[in-house]
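S.K.: Got a sequence here, can you model it:
(2 chains)
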Amino acid sequence: MSVMVQDLHFSYATRPVLAGIDLTVEAGEFVALVGVNGCGKSTLLRLIAGLLKPSSGRILLGGTELASLSRRQVAQRLAVLHQTLPPVPALTVRELVRQGRYPHRGPLGLLWESDSMDEALELAGVAHLADRVLDTLSGGERQRVRLALAVAQNTGILLLDEPTAHLDIRHQLEVLELVRTLREARGLTVVTVLHELDHAARFAERIVALHEGRVWADGKPTEVITPQLLADVFGVAGRVVMDELHGTPRCLLDAAL
Amino acid sequence: MTLTTRPAPGARTARFGRVATAAVLLAVVAATHLLVSGQPIGAIAGLLDSAADGQAEKIVWELGVPRLLTALLTGAALGVSGYVLQATLRNSLAAPEFSGVNPGAVLGILGGLTLGLFPADSAAGALLAALAGGALGGGVTWLLSAGRDPAHLVVHGLLGSALLAGLTTMLLAYQPSRFGNALRWLIGSVEGRVWEHLTFASWWIAGGIALAWACSGLLAVLAPSDDHAASLGLHPALGRAIALTVAIALTAGAASLAGAIAFVGLVAPHVARRLGGRVLTAAVAGAVALAGADSLAQLAGHFLNGTHRLGVPAGVITALAGSAVLIRLGRSQ
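M.R.: Numbering: from 1, shown residues only, chains lettered A, B, ... in the order given. Coordinates of the predicted model:
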């Protein structure tokens, strides 16, 4: 399912955050949003998720105007992995993943088990954790469980807001590899906010760099990740080298400008 | 890729075990409650025999059984109400008595009685007054905390509760002669309730618990955060309004039967969650807790017999036992 953003503006009170964003993500694409803190990338994600109302501009999900969809219809089309999931006492993995059925079956539907839930647990590799209490899991395991919830939601679009934040490097890779696997298994359109440029270059087919509320660059990792991006967007002097094994650019950071 | 669908082995047995445990626990508490009433065992056993109609049987049937049912229903209502409040407000210290709802309901009942809006023995009148007061109490809390994080609601709930308790005190100070009658509502007691009080309230509470159970999914989706709920297709404000309405209705039902019973609504949800249960477990935990507390109250009443004309209200026991449990919970976390 495609995502189309046209001339999108958004301000918090009087502070403009997004000043005319145009972005089209084709069905099945894997796009990373990068930029410094406060550049509006999380805001853009929340706008696409329908959690914020744009000041002006249009958002289309699979060709349908977002504003014309109900909350539940939006939840049937896109799943969101927010930065954090606040702890809930005694919540088990199975109970959380079952919530993925909510947009499809409504509140009464959660009272009974469902097969697609087991499938989601398997696909995310967390079936063995099904009866564990969520708060007892490691950060990496929690992210996998939350991805299982997104799978159970059975949507065409997956939005992720810094899915690797606060994870150690092994689990960062594990989570991004799982996102790639899920995307291939389900034909998902993935839009993710990523802090780590090397991860963005490695896992995304396309990188959109936001700067001061606008799209500063949009293209393949090799086109977007340049010393000029590091200098102009991130304020860092650096070099970009080619990782021969993966064919993706890598950043060597030298100094803050 | 082949996917195996695992039909959660043993899930059905576990559920059966739970239901059986709950049934046994309820039966034991019910039997204890009736036995400590001081009526002869023969009269209690006579309940099972429709032909028995002696004086003792009559006392058990017309006083003992309604008192037991009042304790069970009120406890269940408070347990579920507390569970709903804790899930919705995302605070494990949320409880009917700390959210302005319970003090509001008590104020409603006493206010209604003082103004003569309904006769003292009217069950429906007490329920309506409790509902109006509970909604007012919840509303005050809501206004105090408008626009803030729902987790902060509990602090404002305490403020609102204090405000309402102050109003209740003013009401009593205005007419001190009514203090004796008001005491049972202030402390909370299940004594002296008869079948007429129960008929309406039992349907109300049963309906409220059924609604809360039907809202299980909504509560689950709402519990982590507003963003989480919205991303799963639930308007957080709408979900919260529905859940809080159910909680107010249940608290008002409980208050109309037994007044301000403290701590059951706070502790029962903790017990339920520790046991891995949800709405129905909270109902059973609340019912068992209050019936148990009232059994103790009756026992204490026997010991104090002769020195004290009034029985010991169950509300005293729940307040004492509840605070002890709460301190334990607080230390173990």
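S.K.: Where do the helices of the stretch 1-150 of chain A begin and end?
M.R.: Using DSSP state H, counting those that start in this stretch, the helices found in the stretch 1-150 of chain A span residues A:41-48, A:71-77, A:93-98, A:102-109, A:115-123, A:139-152.
S.K.: Specify the stretch among those that is closest to B:Ala210.
M.R.: helix A:102-109 (11.8 Å; C-beta to C-beta). From N, CA and C alone the C-beta is placed, and that goes for glycine too.
S.K.: Run a quick neighbour tally on B:Asp121.
M.R.: Residues near B:Asp121, counting by other C-beta atoms under 10 Å in any protein chain shown, number 10.
S.K.: Count the neighbours of the nearest residue to it once chain neighbours are set aside for me.
M.R.: Among residues not flanking B:Asp121 along the chain, B:Glu196 sits closest, at 7.3 Å (C-beta to C-beta, 6 or more residues apart in numbering or on different chains). Neighbour count of B:Glu196, defined by other C-beta under 10 Å: 12.
S.K.: B:Gln86 and chain A, how far apart?
M.R.: Distance from B:Gln86 to chain A, counting by C-beta to the nearest C-beta, to the nearest Å: 8 Å.
S.K.: before we move on, the earlier item: lowest mean pLDDT across the helices of the stretch 1-150 of chain A, which one is that?
M.R.: Here these differ in mean pLDDT, and the lowest is helix A:102-109 at a mean of 80.
S.K.: What are the buried residues along that one?
M.R.: Residues of helix A:102-109 classed as buried: A:Tyr102, A:Pro103, A:His104, A:Pro107 (neighbour count, 16 or more other C-beta atoms under 10 Å in any protein chain shown).
S.K.: can you put the residues you listed in TSV and add distance to B:Leu35?
M.R.: As requested, the buried residues of helix A:102-109 are exported to TSV (distance: C-beta to C-beta, whole Å):
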residue	distance to B:Leu35
A:Tyr102	46
A:Pro103	51
A:His104	51
A:Pro107	42
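S.K.: These also near chain B: which ones?
M.R.: A:Tyr102, A:Pro103, A:Pro107 (C-beta under 8 Å from any C-beta of the partner chain).
S.K.: who's in contact with B:Ala76?
M.R.: B:Ile205, B:Ile209, B:Ala283, B:Val284, B:Gly286, B:Ala287 (C-beta atoms under 8 Å, 6 or more residues apart in numbering or on different chains).
S.K.: filter those residues down to the ones close to chain A.
M.R.: Okay, of the contacts of B:Ala76, nothing touches chain A (C-beta under 8 Å from any C-beta).
S.K.: Arrange those in a markdown table, one row each, with secondary structure, distance to A:Leu121 and neighbour count as further columns.
M.R.: Shown next, in a markdown table, are the contacts of B:Ala76 (DSSP: H, G, I helix; E, B strand; the rest coil; distance: C-beta to C-beta, whole Å; neighbours: other C-beta atoms under 10 Å in any protein chain shown):
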| residue | secondary structure | distance to A:Leu121 | neighbour count |
| --- | --- | --- | --- |
| B:Ile205 | helix | 37 | 28 |
| B:Ile209 | helix | 31 | 24 |
| B:Ala283 | helix | 30 | 31 |
| B:Val284 | helix | 29 | 27 |
| B:Gly286 | helix | 33 | 34 |
| B:Ala287 | helix | 35 | 28 |
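S.K.: Look up the pLDDT of the residue nearest to B:Asp121 for me, please.
M.R.: The model reports B:Glu196 with a pLDDT of 81.
S.K.: How much space separates the closest residue to A:Val190 other than its chain neighbours from chain B?
M.R.: What sits nearest to A:Val190 in space, not counting adjacent residues and going by C-beta to C-beta, 6+ apart, is A:Phe30, at 4.6 Å. A:Phe30 sits 20 Å away from chain B, taking C-beta to the nearest C-beta as the criterion.
S.K.: Fine by me, thanks again.
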